[in-house]
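Novice: Got a predicted structure plus its sequence, pasted below:
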Amino acid sequence: MPPTKYLYQFIPDKFNYLTKTKTVEHKGINLKTAYLINIIHELILKFYFSNKKYIDYEDTMEDVKFNLWSIILRRKYGAHYNIYIDYLVDNEFITMVSNYYASKKAKTYKINHFDLDSIKRVKTNDAILAKKNTREYLEQSFTSYCKSPIDPKMRKKLLDDLYFISIDYEKALSLLNDMKDKGQIEINKYYKNHTSIDSIKNHYLFFKFDEYGRFHTNFTVLKKEIRQKYLQIDGEEITEIDIRNSQPLFLSILLRESADPSNEEIKKFEWLVREGLFYDYLADHFKGQSRSEIKLLTYKVLFGHNGINSTENKMFKSVFPNIYDYVLKYKEVNEDYRYLAHTLQKKESDFIFGVVIKEIYEKIPGIRLFTVHDSISYPIKYKNKVEEIFKRNLKEL
């Protein structure tokens, strides 16, 4: 179904007045309220999809900073794009953190705190803005201004495939609302999923290729229950395949490359991650901790600041002291606690996109798929062929 001229977007309740008029005046310029609503919505998405939020689970809204590039803003919002941004600064939606440097750096902003429960779903019907959310416009924008290590031809194919995915909108939204009513989903994740469900239905897709090899889309944020039950590709039932403990697995490969592979602790670690038993092993070791809690603990150690007295660091170090020391030294040497996370994400991306999906596209003509980082979703009729390619390459890592 082709997109309509309507866009469904989320804004904090304090900006609901923008829906009551076509324009507002600021610094002598009449600004289109549809543009202001869209910028607010897009910046909230930047917070939702922030890599930093993924890396450090203790981040707050104020911790997530983002760059706004004038070349992209001008293309989408016209010559007065800077006045639109000034309006949002003056009305305390965002704050500028640092200014730009010619040819080196864009202006950096952060979203000011607002109550996530105050978010309202609104509809705008600006035809020009809707056109700039079409497949052709977005593909050009998001493939031209990114530093992704994924091959450009594959990026184009991955984007094309997204437009053949459909969603059972009513059932997906019903499940999401039921999870919210039962307190089974955090409020920010609820709105993130709601936005994605609306966008998938109307073929207004969000996608971003980051410089670390990750491909972020509407589908990467969907709850697994929604992805598995209510999505189809080309109208067909789908299934998915993934790496059971992806980040620990790629850490084991990094250890093999730069540490002593004969170390018994490292050998045990590699065996556990290759068998997909790493999280289960720690869960058995620390009674009372669920597998999901163990996974969160591991992510905090690998991707966080590593506070010496934190519970998760003490727990991980008690089981894998040499690997824990390696993680700390790796971050210290590279002078950035995020460096390890970015390294592992690049390795994961090289495997998923540069090896597995490359072979899938070559050997299964006509297949369409989408990814959620270390997992691949595809029509179930290709299950045997995809599993053979995936498992063989995984074994050869």
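Specialist: Perfect, thanks for sending it.
Novice: State the number of residues packed around Ser377.
Specialist: Number of residues near Ser377 (other CB atoms under 10 Å) recorded here: 22. For the C-beta atoms, the positions are set from N, CA and C on the backbone; glycine is no exception.
Novice: you'd agree it is in a helix?
Specialist: No: secondary structure assignment places Ser377 outside any helix; it is strand (DSSP: H, G, I helix; E, B strand; the rest coil).
Novice: Is it in contact with Leu369, as I believe?
Specialist: Yes: applying CB atoms under 8 Å, one finds Ser377 in contact with Leu369, separated by 6.2 Å.
Novice: hey, what's in contact with both of the two?
Specialist: Between them, Ser377 and Leu369 have Ile233 as joint contacts when contacts are counted by CB atoms under 8 Å, 6 or more residues apart in numbering.
Novice: can you give me the strands for the stretch 201-350 of the chain?
Specialist: 207-209, 215-217, 231-233, 238-242 (DSSP state E, counting those that start in this stretch).
Novice: Quick one: those strands as a markdown table, columns for mean pLDDT, distance to His342 and mean neighbour count too.
Specialist: As requested, the strands of the stretch 201-350 of the chain are arranged in a markdown table below (pLDDT from 0 to 100; distance: least, CB to CB, whole Å; neighbours: other CB atoms under 10 Å):
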| stretch | mean pLDDT | distance to His342 | mean neighbour count |
| --- | --- | --- | --- |
| strand 207-209 | 82 | 14 | 20 |
| strand 215-217 | 89 | 14 | 23 |
| strand 231-233 | 97 | 29 | 18 |
| strand 238-242 | 97 | 20 | 17 |
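Novice: before we move on, what SS does the closest residue to Glu25 other than its chain neighbours have?
Specialist: Computed as CB to CB, 6 or more residues apart in numbering, the closest residue to Glu25 that is not its neighbour in sequence is Leu31, at 7.3 Å. On the three-state scheme (three-state DSSP), Leu31 is labelled strand.
Novice: likewise the one 3 residues further on?
Specialist: Three-state assignment for Ala34 (three-state DSSP): helix.
Novice: Local confidence estimate at it?
Specialist: Per-residue pLDDT puts Ala34 at 94.
Novice: was I right about it contacting Thr124?
Specialist: Yes: distance between Ala34 and Thr124: 4.3 Å, which falls inside the contact criterion (CB under 8 Å).
Novice: overlap in contacts of these two?
Specialist: Where contact means CB under 8 Å, 6+ apart, the residues bridging Ala34 and Thr124 through contact with each are Leu7.
Novice: For His305, which non-adjacent residue is spatially closest?
Specialist: Closest residue to His305 apart from its sequence neighbours, by CB to CB, 6+ apart: Tyr337 at 5.4 Å.
Novice: and that neighbour, how far is that from Phe269?
Specialist: 21 Å (CB to CB, to the nearest Å).
Novice: okay, those two: which has more neighbours?
Specialist: For Tyr337 against Phe269, the residue with the higher neighbour count under other CB under 10 Å is Phe269, and the figures read 22 against 19.
Novice: what are the bridge partners for the residue nearest to Glu25, then?
Specialist: On DSSP bridges, the residues paired with Leu31 through beta bridges are Val24.
Novice: what about it, neighbour count?
Specialist: When neighbours are defined as other CB under 10 Å, Leu31 has 20 of them.
Novice: Next secondary structure after the helix or strand of the chain with the lowest mean pLDDT?
Specialist: Per-element confidence for the chain was summarised using mean pLDDT, DSSP states H and E. The lowest value among helices and strands belongs to helix 51-55, with a mean of 43. Sequence order places strand 65-68 as the next helix or strand after helix 51-55, per DSSP states H and E.
Novice: Name every strand pairing with that following strand and say which way it goes.
Specialist: Strand 65-68 has its sheet partners listed here by DSSP bridges as strand 107-111 (antiparallel).
Novice: partners of the helix or strand that the strand it pairs with is followed by, with directions?
Specialist: Tracing the chain C-terminally past strand 107-111 and defining elements by DSSP H and E, one meets strand 119-124 next. When pairs are called by DSSP bridges, strand 119-124 turns out to pair with strand 7-12 (antiparallel).
Novice: Give the buried residues for the strand it pairs with.
Specialist: Along strand 7-12, the positions that meet the burial threshold by neighbour count (16 or more other CB atoms under 10 Å) are 7-12.
Novice: about what we covered before: is it true that the residue nearest to His305 touches Val301?
Specialist: No: shown here, Tyr337 and Val301 do not form a contact pair, counting by CB under 8 Å, at 10.9 Å.
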